[in-house]
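Trainee: Test case, fold it:
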Amino acid sequence: MHRDESPELALTRVASPRGILPEGPVWNAESRRLSWVDIELGRLHIAAVDGGSRADGEPRVRVLSVLELGDQLGCALPAEGGGWVCGLGRRLATVSPLGAVTESEPLLDKSERFNDGHIDPQGRLVIGTLNSDGPDGRQLLLRLEHDGTLTTLQHGVGISNGIAWSPDGSTLFHADTAARTIFARDYGNAATDSAEGSQRPFVTVDGMPDGIAIDAEGCLWVTVFDQGRVDRYSPRGELLAGQSILVPDVHVSSIAFVGDRLDTLLLTTGMPIMRQWLRRRRADDGYAFSAAAPVRGLPTRAWLPGPLPRNLPLR
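Mentor: Numbering: from 1, shown residues only. This next block holds a predicted model:
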């Protein structure tokens, strides 16, 4: 593919204070609200998505409130009936619509934290971990079952990031940033979901894959953090020529299809936080941006509330 054939996306910056590492945008059809996190600042942004044209110059996305949760906030996913389930530092937590936080006990080692997560077709949280000191090949992809126990779906992860499912829910996609790979695995069979060896490489990414999303055509969108680019792959894992989107001069961290028609893209950009990358920070890092989507997205499931876990499975 010729990268110079890829279009640049017309982005509108969301009016909000600059953050450090915005991530994890998600649309909640029940509340008709958009939310995303700032991992390093522990903030949860709640916003409305206006329909219609932006010809009047008004932003499509309006921030309504910001909750301060007091720890690194890896992800926050909407719960049925209101509120969110979160990866909050070393703990899993629930947050009420008014911001009341209920936390599990610490589940991870002191240098580790929960990172990106998503809700599976059955209403369960699937979430990954990372080591803040750097990739160690010991991280996990976990699933919080309805009874509050945790199932390990994958051992040996470098940096766990974006999570998404195929339109029929039969395939789980998972980004390992350290491996520069999106992995796939068959999904939906309790007996085999966590079987060793069931994960397979889906695509190797030219750069550092971060957030991912699936569109209504079953294509996979991958934000490439260090390349200022969002790639689009076919359901067979083919990089679609001319359909990567250039977002120059930013570190793009995540993507979601939002709004009542799922026809608006919400992109987040983050500041590099590793010491060797500090000089690479760019003026538009640390914000959220909206744009008209070239295709529609898929609805996402809300978390079916249940108990929080008491411990982590043995590694």
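Trainee: Now do H2, the pLDDT please.
Mentor: Per-residue pLDDT puts H2 at 40.
Trainee: gap between the two ends of stretch 206-219?
Mentor: Across stretch 206-219, the terminal residues are separated by 18 Å (Cα to Cα, to the nearest Å).
Trainee: Mind listing what's buried along that stretch?
Mentor: 206-215, 219 (16 or more other Cβ atoms under 10 Å). For the C-beta atoms, the positions are set from N, CA and C on the backbone; glycine is no exception.
Trainee: Could you do stretch 306-313 as well?
Mentor: Neighbour-count burial for stretch 306-313 flags 306, 308-309, 312 (criterion: 16+ other Cβ under 10 Å).
Trainee: Out of those, which is nearest to A79?
Mentor: The closest of the buried residues of stretch 306-313 to A79 turns out to be G306 (Cβ to Cβ; 9.7 Å).
Trainee: for the closest one, what are its contacts?
Mentor: Counting by Cβ atoms under 8 Å, 6 or more residues apart in numbering, G306 touches 144-148.
Trainee: Quick check: it vs A10, distance?
Mentor: Distance from G306 to A10, counting by Cβ to Cβ, to the nearest Å: 42 Å.
Trainee: buried subset of the contacts of G306?
Mentor: Buried by 16+ other Cβ under 10 Å: 144-145, out of the contacts of G306.
Trainee: Measure how far stretch 10-18 is from the centre of its chain, please.
Mentor: Counting by Cα atoms, centre = their mean, to the nearest Å, stretch 10-18 is centred 18 Å from the centre of its parent chain.
Trainee: what are the C-alpha coordinates of it, in CSV please?
Mentor: In CSV, the C-alpha atoms belonging to stretch 10-18 read as follows (Å, rounded to 0.1, in the frame of the first residue of the first chain):
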residue,chain,number,x,y,z
ALA,A,10,-10.8,16.5,9.2
LEU,A,11,-10.7,16.6,13.0
THR,A,12,-12.5,18.8,15.4
ARG,A,13,-10.8,19.1,18.8
VAL,A,14,-13.2,18.6,21.7
ALA,A,15,-13.3,21.6,24.1
SER,A,16,-11.8,20.2,27.3
PRO,A,17,-8.6,20.9,29.3
ARG,A,18,-5.5,19.2,27.9
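Trainee: Please enumerate residues in contact with it?
Mentor: With Cβ under 8 Å, 6+ apart, stretch 10-18 has contacts from 45, 47, 54, 59-63, 66, 247, 267, 284, 286-292.
Trainee: got it, and stretch 185-192?
Mentor: Here stretch 185-192 makes contact (Cβ under 8 Å, 6+ apart) with 120-122, 153-154, 165, 169-172, 174, 193, 198-200.
Trainee: For the residues you listed, work out which two are farthest apart.
Mentor: Farthest pair in the contacts of stretch 185-192 (Cβ to Cβ) is Q122 and R200. Separation: 21.9 Å.
Trainee: So for those two, which sits in the more crowded spot?
Mentor: Q122 (14 against 9; other Cβ atoms under 10 Å).
Trainee: so who does the more buried one touch?
Mentor: Shown in contact with Q122 (Cβ under 8 Å, 6+ apart): 188, 301, 304.
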